[in-house]
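Engineer: Sequence first, then the predicted structure:
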Amino acid sequence: MRLLATLALAFVLSVPAASAQQVCSGTEGTDFQRVTLRDVNALPDGSLAALNAGGANLATSEIQALLANDLVGETIEFTSVILSDPTLSGLASTNDAGIPNRVHYFVRDVTAFTDGPLGFGAQIVDNTGSGLSAQFFVGDIVTICGVVAPFLGTGGYSMQINPVDANAIQLTDDDPIPLGDPRIAPLGVSLGDLHTAVPGAPAGAETQINWNNYSNYVGGYVRLKGVEIVQGVPDANRPDVLYAGAGGEAPFINQYDVSVCYRNDRQADYFPGGDAPDCVDDGPFNVPAVGFANLQGFLIYQGDDGGFDYATPDAANFVINPILPEDLVITGAPPTINSFTAGPEGILSPSDPFPIEASVQANGGATIAAVVVNYGSPSGGDAVILEDGDGDGTFTGTIPAFASSGEFVNLTYTVTDSNGLNAFATTSYRVFDGPLTSITQIQETANGGEGDSPVGDIDAVAMNIVAIVNDDFVDDGGNRTLILQEDPNFGQFTGIAAFVDIADPVAVGDEITITQANINESFGFTRLESLTYTVTNAGAGAYGYFTIPTGSIANPDDAEKFESMLLRFNDVTITDVNADGDDTDDGFGEWQFTTGSEAEELRVDDLAEAFETDYNINNLVVGQQRDFVQGFLFFSFGNFKLIPTDAADVGMAVAGEDDLVQGRRLLQAYPNPTSDAATFTYTLDAATEVQLAVYDVTGRRVALLADGVQAGEQRVRFDASNLAPGVYVYRLAAADRVETGKLVLAR
């Protein structure tokens, strides 16, 4: 606490700023209140005791209610010094004038100059879109008229003050406080001052705001020295970083990105006149993976944990906002693994040793102390020390032959520097004696979850794989793809997609034997190309679809097991008709549905040639219910997606009560149930394209009863005498209407 006491003394001994001028219109006490930011940050009577007593059992809404004092929603006036550069705010898009619609920056009440710094910080959010705040600089003393308006949208309680209009901030003193002056310096704190470990909280959720200090530090400018970088998560737009105290244990804090210097989605054209700051011109913010750092920035309770899930209740934590590049100084960084051997080039025999290498470098003045690779499989394992024979940072060694055919070999590279910091890389591959004999050998990952093929991305692989062509389709690029399935019971990792020539004489239901193919890993999706195969049993029969709920594959590790399999989802609800677009952007024709909650939704891609690019916009409505959706499971650009291959793969919208009451139902079937035949009736007001088809419960079409232009009243007989008893689905598509029903065949 000595540093804090010294800083407080420096504040008290400083000369106060000039007297404030009135900025708010109207009468003080009636139209606005003259307050300090300590008043704004104060907890209501009794709230502190309730927050401490509630601990991990409080709901987010309860915390929000306990933090709201009588000034929330009120217009206030106060005088403060600007601590962060408003032009570095990057949370909002720009308007037609090229000005950010919303600007975030931080201030400190000048009352802190005499009363000490605790409790006098705040976030200003100028949402006037006028450029009002861009004229101010760090050190300027300003009087602000604004509304106390906490942001609750992400589940936190981000205290902010919104200027009332484009004239709501005025300079109070023409003589700004110089950089380096104690009055605008950060407060030295520890993570324990900000967060506490929550007794009894589950592992991985151990941090909560230290409510005893909440009012002192919310909106405050703080400095953390010697924190450990636990995890950095790169992202093309908004990287995340998690910090901890000594030993990498709770309490934690994560970084937030108010500043353009710590996000990568604001390029030079984001700034008026293209006048981008140096931190943007210098390139992206590269997230340190692990290490040690000195960190300073501004604290808000945003309701964001960076995806690290370390707070209880969820996201009940401060986030820290560094603003300038120098606010984050890496004091110790682990070594870097520039490259390493991930797997053999081709199929490795169990009797062959496997030479490996890793290119590594030390950082921060350290040297490389050791590079060790641990290896193992069900047959055993050991470790090998890699050597840098040439002194160029490339370490080499050999994994001996030890595994049995079909086994996974798991490797962990561990690089240690002279400071004791480590870097790790993991990989796995499979060894085989002879040709590949199953799709599972290609698809199954070492950990049974999400990942690329353990065989690798290789050409001309010898195979002896027998599979059924369960479906085929032509994509919007003109490529023909077979959906192959080797197990009629749809065991895990038993499906794969294969590119073939559009004219190949192979059909759905054929059994084929593949003797050679290229294994290609494209954007995380495994497929076969350049196949050598023969049709060994034409018309053997397709396996159809495996019916599951969307919740069964909501986790990517679970979804990986069903890659390239035909899946069917019954009784679905549309949750998003334009998953990658908005009202002004058609996106990529993708949409989403669920058979349960929105957390279990699955994305659909219009990759098949059978779907127009605007199918989702023209045919779907959020909240609409469909009797089924089916297709094969695909992966691209970070998402598992279902690919329907035919228009009939998207079931009919379930008729609502209003439709039935108004007699708008087009389609009827009788008798129903039936023993051998049924008649469908429907009436068309005008000539239109019509398709009437019948499907079994797996989604396989068993009859096409109408396909062409029709008008007026129609009667179509369906002979079902050659079909097995059961439930069948009939579907009529006419103009912009699609209707379906169920026909029971009983004998």
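Structural biologist: Now that the structure is in, tell me what you want to look at.

Engineer: how deep is Thr414 tucked in, by neighbour count?
Structural biologist: For Thr414, the neighbour count with other Cβ atoms under 10 Å is 17. Using the backbone N, CA and C atoms, a C-beta is placed for each residue, glycine as well.

Engineer: Strands of the stretch 151-300 of the chain, start to end?
Structural biologist: Using DSSP state E, counting those that start in this stretch, the strands found in the stretch 151-300 of the chain span residues 160-163, 169-173, 187-189, 195-197, 207-209, 221-233, 240-244, 252-255, 291-300.

Engineer: Tell me the bridge partners for the residue nearest to Val142 when sequence neighbours are not counted.
Structural biologist: Leaving aside its sequence neighbours, Val142 sits nearest to Ile169 (Cβ to Cβ, 6 or more residues apart in numbering; 5.2 Å). Beta-bridge pairing for Ile169 (DSSP bridges): Ile144.

Engineer: likewise Ile253?
Structural biologist: Tyr243.

Engineer: quick thing: my sequence starts at 59, can you match it?
Structural biologist: That works, and once the first residue is 59, the last one we named lands at Ile311.

Engineer: Tell me if I'm right that it and Tyr301 touch.
Structural biologist: Yes - counting by Cβ atoms under 8 Å, Ile311 touches Tyr301, with 5.3 Å between them.

Engineer: about what we covered before: save the strands of the stretch 209-358 of the chain as a markdown table, and put in distance to Glu465, mean pLDDT and mean neighbour count too.
Structural biologist: Formatted as a markdown table, the strands of the stretch 209-358 of the chain follow (distance: least, Cβ to Cβ, whole Å; pLDDT from 0 to 100; neighbours: other Cβ atoms under 10 Å):
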| stretch | distance to Glu465 | mean pLDDT | mean neighbour count |
| --- | --- | --- | --- |
| strand 218-221 | 57 | 97 | 22 |
| strand 227-231 | 68 | 92 | 19 |
| strand 245-247 | 52 | 96 | 20 |
| strand 253-255 | 42 | 87 | 20 |
| strand 265-267 | 41 | 89 | 26 |
| strand 279-291 | 31 | 92 | 19 |
| strand 298-302 | 36 | 94 | 22 |
| strand 310-313 | 39 | 95 | 26 |
| strand 349-358 | 36 | 94 | 23 |
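
Engineer: Using CSV, lay out those strands together with distance to Glu135.
Structural biologist: As requested, the strands of the stretch 209-358 of the chain are arranged in CSV below (distance: least, Cβ to Cβ, whole Å):
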stretch, distance to Glu135
strand 218-221, 10
strand 227-231, 11
strand 245-247, 25
strand 253-255, 33
strand 265-267, 28
strand 279-291, 22
strand 298-302, 36
strand 310-313, 32
strand 349-358, 22
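
Engineer: Let me know how buried Leu742 is, in neighbour terms.
Structural biologist: So Leu742, with other Cβ under 10 Å, has 18 neighbours.

Engineer: gap between Phe583 and Ile554?
Structural biologist: Phe583 sits 10 Å away from Ile554, going by Cβ to Cβ, to the nearest Å.

Engineer: if you count what's nearby, which of the two comes out ahead?
Structural biologist: Using other Cβ under 10 Å as the criterion, Phe583 and Ile554 rank with Ile554 on top: 26 against 18.

Engineer: tell me which element the more buried one is part of?
Structural biologist: strand 553-558 (DSSP states H and E).

Engineer: and what of Ala668?
Structural biologist: Ala668 belongs to no helix or strand, assigned by DSSP H and E.

Engineer: circling back to that earlier point, would you mind listing the residues touching both of Ile311 and Tyr301?
Structural biologist: Counting by Cβ atoms under 8 Å, 6 or more residues apart in numbering, the shared contacts of Ile311 and Tyr301 are Leu249, Leu282, Val285, Ile378.

Engineer: any idea which of those is closest to Phe136?
Structural biologist: Comparing the shared contacts of Ile311 and Tyr301 against Phe136 with Cβ to Cβ picks out Ile378 as the nearest, at 23.7 Å.

Engineer: Test of understanding: give the bridge partners of that closest one.
Structural biologist: With DSSP bridges as the rule, Ile378 is bridged to Gln313, Leu357.

Engineer: follow-up on the earlier one: which neighbours in the sheet does the strand holding Ile554 have, and how are they oriented?
Structural biologist: Partners of strand 553-558 in the sheet, by DSSP bridges, are strand 538-543 (antiparallel), strand 583-595 (parallel).

Engineer: burial count for Phe376?
Structural biologist: With other Cβ under 10 Å as criterion, Phe376 counts 29.

Engineer: In space, what's closest to it - neighbours in sequence excluded?
Structural biologist: Excluding its sequence neighbours, the residue lying closest to Phe376 (Cβ to Cβ, 6+ apart) is Leu357, at 4.7 Å.

Engineer: measure Asp510 to Asp533 for me?
Structural biologist: When distance is defined by Cβ to Cβ, Asp510 is 21 Å away from Asp533.

Engineer: ditto for Phe627
Structural biologist: 21 Å.

Engineer: Which parts of the stretch 109-258 of the chain are helices?
Structural biologist: Secondary structure of the stretch 109-258 of the chain, counting by DSSP state H, counting those that start in this stretch: helices at 118-125, 170-173, 249-252.

Engineer: so how far is the second one off the chain centroid?
Structural biologist: Right, the one you point to is helix 170-173. Computed by Cα atoms, centre = their mean, to the nearest Å, the chain-centroid distance of helix 170-173 equals 44 Å.

Engineer: Out of the strands paired with strand 553-558, the one nearest Leu386 is which?
Structural biologist: strand 583-595 (36.7 Å).

Engineer: who touches Gln79 in this structure?
Structural biologist: Thr201, Gln228, Thr230.

Engineer: I'd say the second one and Thr201 touch.
Structural biologist: So that's Gln228. Yes - when contacts are counted by Cβ under 8 Å, Gln228 is listed as touching Thr201 (5.5 Å).
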